[in-house]
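Visitor: Any chance you can model this:
(chains A and B)
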Amino acid sequence: MYHAASDPAFWSRLQFGFTITYHYLFPQLTMGLAWFLVWWKWRALRTGDETYNQATRFWAKIFGLNFAVGVVTGIPMEFQFGTNWAGFSRYAGGVIGQTLAMEGMFAFFLESAFIGALIWGEKRLGPRYHFLAAVAVATGSWLSGYFILVTNAFMQHPVGYLQSPDGSLGIDSLTAFLLNPWAMVQFAHNQLAALVTGSFVVTAVGAFYALREVHPVQSRLYLRTGTLVALISSILVAFPSGDQQAKLVGNHQPVTLAAMEGKFVGGPMAGVSVIGQPNVKERRLDNPIEVPGALSFLAYGTFQSYVHGLEEYPEDTWPDNIELLYYSFHLMITLGTLFILLMTYASFENWRGRLLTNRGLLWVLMLAFPFPYIANTLGWMTAELGRQPWLIYGLMHTRDGVSKVVSAGDMVFTLIGFTGLYFVLGLLFLYLVGREIAHGPEEALITDLPQEPHP
Amino acid sequence: MIEAWYIVVSFMLIMYVVLDGRNFGAGMLHWLVAKTPDERRQVVAAIGPLWSWHEVWLLSFGGTLLAVFPRLLASAFAGYYLALFLILWCFILRGMALEVGGHINDRLWQGFWDFVFVVSSFLLALLFGAAGGNVARGAPLDANGEFSMAFFTDFQVRGHVGLLDWYTVSVAVFAIVTLGAHGATYLTLKTEGPVHDRSESYAKRLWLLAIPLWMVVSVETWFVRSDLTAGELTNPAVWLGMLVILFSAYVLGTGLKNRREMRAFVGSNLLIAGLLATGAATIFPVMLHSTLAPENSLTAYNVASAPRSLYLAALWWPVALLFTAGYFIFISRRYTGKVSVNRDNQGFY
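Guide: Numbers count the residues shown, from 1 in each chain, chains lettered A, B, ... in the order given. Just a heads-up that it's a prediction; the model follows:
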């Protein structure tokens, strides 16, 4: 069981958890928005319709702010592998270092070379190259996500490695490591979830302008494209990608699945609880309302399938925060279901031509945008809390990965520093993005302005 | 293979210092060379849209170091814990200053971010300089190859020293002056008008100041690491490095004197690269020297990954390098030429 004071990894876990959760609020929008920019830039190239260029210009500004905060909060993540998780780096650096290095070499170089050109270089690059800059940034951001997910998938389901004579891990097969089946499913699930965030944000801004009756052409574009992408991505994120993810957990981490569902006793016809509070001390779910057989069916394909219970495993192999894991998973599922319902209704209204006049729906769409952020965070909490007590599943315990030479005093100091700095950063970001949204997309044609000759 | 990877990671770190060093220099001189708000935006524009590409060299260096020399990264990052977080926080501040400083056309807003830019650039140059000093001097590595160091202790030169002592601080001062001179040389090339003229005069004065400081640091190093200087004389790579340093100093000096700005800038890049490469050649194969017992030192051979990991990384790394060289050339060609105060400033330009 978990006791903060006796765990040398506590402060490092808290700091990594806090900084990664905060950081990932930004890349999920970057990855979600990137293909909107590519699509609009492409439409502008093909149709010559200035509306699409205005949309690209407006969203590129929000993208740029979001990207900047994503970059500066991302650098600490890589450093912490060494500063706080030296044991982990020493043991598995030969494996996870490969993907972290690839992320820098293949993804970050691509993104960072073209981001300035995408945001500021429209005139300097001309329409074709500006479109290519959008493609480059979108590709770079998704590649970066891919390498990080391969790294995480190795921690969830290690493949392609070998054990060196000195006990540390090295790569045996680069292809097995990079094409880890766990990584493939996780990548699909995670990127679709990022698209859900991106499309909800685009929709919300469209709804905001529609309700205020400003920027009519732009708001219609955002609402139509936003709700369509949101509908498709919220369905795909649940089925098949989320479903496949749950099956992988069921097959490779059965104790995690039991903890996610608060199943203490195993058996066939295992149900999914709609409501219920895990009571770990008494080893039961309080106040349960269950759909019988649903878990057996979802995890293993038939209602009669046997689902393992936590009691079948020794307590020291249980995830160390079952309560939080259970709620993370269940709230994610609940939110995901609500997203599908909301966007089905919105798409129906759009099809009937009533989307722009249904003010009640517009209000809901405008206020819905924080929830995909919450669902993404809960999904990652499910993945990471569910992996405990392992740092690399079956190979290394979290408590063994921590830096032994760093004092708790130093860790608390840096955690306080991050809290303060990130609080200010958050205020700054909200202020600047709020300012851009209040200002809105430029209606005047930028081509009417005097052109500067290239040097 | 291990030697090749030592060269690769040294190359990446040198690329980083040379590329981002000029941004630190421009940042430190920001208030001195640019007086009006327009001139200050001109300096930021001169840094250009590739500053984050420069920073990625450090990130890629970190990732590659983890992949090929994991035990070094683990020991050094955990041992220098607080210093690394200060560097991180400075990066956050500098990144925000560059990205959002020009976002609002307002005196207070831009003045505030100019201040953040100057302070964070200055601290970054200082911290990287001190880091260089610490790597040269070594760390109290124990038999497990681990250590932990306080920021400062009693400011003695020997014994239980901290990260900042007289030796590392003087290396940091040398780094501040050299990177300041490097930044001024870059701004001379990249700007016109009053900023150009002030940068030119700073470049000359700072490079002249760097020479005596370099001598001081060399003499100090001789005292701090007398074991190193003995090996230096028999190492051909070190002699080659010395030749590069002398040659680039000549190119830089004549470039500055004859106002051949590109020539001076090339010399400045080469000089810094030559200094660092000579340092890397001098300490090889030791990557982090133990001040407690020489046998505890971390060498390239005892911190490297399994041979198969090194081999597999060697397959993809050169491909990635070619790609990024391509992006760099593509973007740089679109941002050639000088930055003026009057140009329609679309953000960076």
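Visitor: In terms of helix, strand or coil, where does the residue nearest to B:Gly129 when sequence neighbours are not counted fall?
Guide: Closest residue to B:Gly129 apart from its sequence neighbours, by CB to CB, 6 or more residues apart in numbering or on different chains: B:Ala175 at 2.7 Å. Where C-beta positions appear, they are placed from N, C-alpha and C, glycine not excepted. For B:Ala175, the assignment made with DSSP: H, G, I helix; E, B strand; the rest coil gives helix.
Visitor: So A:Asn287 lies in a helix, does it not?
Guide: No: applying three-state DSSP, one finds A:Asn287 to be strand, outside a helix.
Visitor: Which stretches in chain A count as strands?
Guide: Ranges of strands within chain A are A:161-163, A:169-171, A:272-279, A:284-291, A:390-392, A:396-397, based on DSSP state E.
Visitor: Any idea which of those strands gets closest to chain B?
Guide: strand A:169-171 (3.2 Å; CB to the nearest CB).
Visitor: That closest one close to chain B?
Guide: Yes: for a cut-off given as CB under 8 Å from any CB of the partner chain, strand A:169-171 has contacts with chain B, namely A:170-171.
Visitor: Make sure the residue nearest to B:Gly129 is actually in contact with B:Gly132.
Guide: Yes: between B:Ala175 and B:Gly132 there is a contact at 6.5 Å, judged by CB atoms under 8 Å.
Visitor: Neighbour count for the two, which is higher?
Guide: Per other CB atoms under 10 Å in any protein chain shown, whichever of B:Ala175 and B:Gly132 has more neighbours is B:Ala175, with 27 against 21.
Visitor: Distance check, the more buried one against chain A.
Guide: Distance, B:Ala175 to chain A, by CB to the nearest CB, to the nearest Å: 20 Å.
Visitor: what sits against that residue?
Guide: B:Ala175 is in contact with B:125-126, B:128-130, B:132, counting by CB atoms under 8 Å, 6 or more residues apart in numbering or on different chains.
Visitor: Just the closest of those residues to B:Pro285, please.
Guide: When these are compared for distance to B:Pro285 (CB to CB), B:Gly132 wins out at 18.4 Å.
Visitor: in the stretch 1-150 of chain A, which spans are helices?
Guide: Taking DSSP state H, counting those that start in this stretch as the test, the helices found in the stretch 1-150 of chain A are A:10-24, A:27-47, A:50-83, A:86-102, A:109-120, A:122-156.
Visitor: Out of those, flag the one nearest A:Leu331.
Guide: Comparison of the helices of the stretch 1-150 of chain A against A:Leu331 by CB to CB identifies helix A:10-24 as nearest, at 14.8 Å.
Visitor: List the buried residues of the closest one.
Guide: A:10-13, A:15-16, A:19-20, A:22-24 (16 or more other CB atoms under 10 Å in any protein chain shown).
Visitor: What is the neighbour count of the closest residue to A:Ile374 other than its chain neighbours?
Guide: In this structure, A:Ile374 finds its nearest non-sequential neighbour in A:Leu335, 6.5 Å apart by CB to CB, 6+ apart. A count of nearby residues for A:Leu335, using other CB under 10 Å, gives 19.
Visitor: need the contact list for A:Leu335.
Guide: By CB under 8 Å, 6+ apart, the contact set of A:Leu335 is A:371-372, A:374-375, A:378.
Visitor: Just the residues you listed: which are in helices?
Guide: Secondary structure from DSSP state H places A:371-372, A:374-375, A:378 of those in helices.
Visitor: mind showing which ranges of the stretch 301-450 of chain A have poor pLDDT?
Guide: Confidence mapping of the stretch 301-450 of chain A against pLDDT under 70 gives the ranges A:443-450.
Visitor: got the residues of it near chain B?
Guide: Contact residues, the stretch 301-450 of chain A versus chain B (CB under 8 Å from any CB): A:403-407, A:410, A:413-414, A:417, A:421, A:425, A:428, A:432, A:435.
Visitor: Having no further points to raise, I will conclude here.
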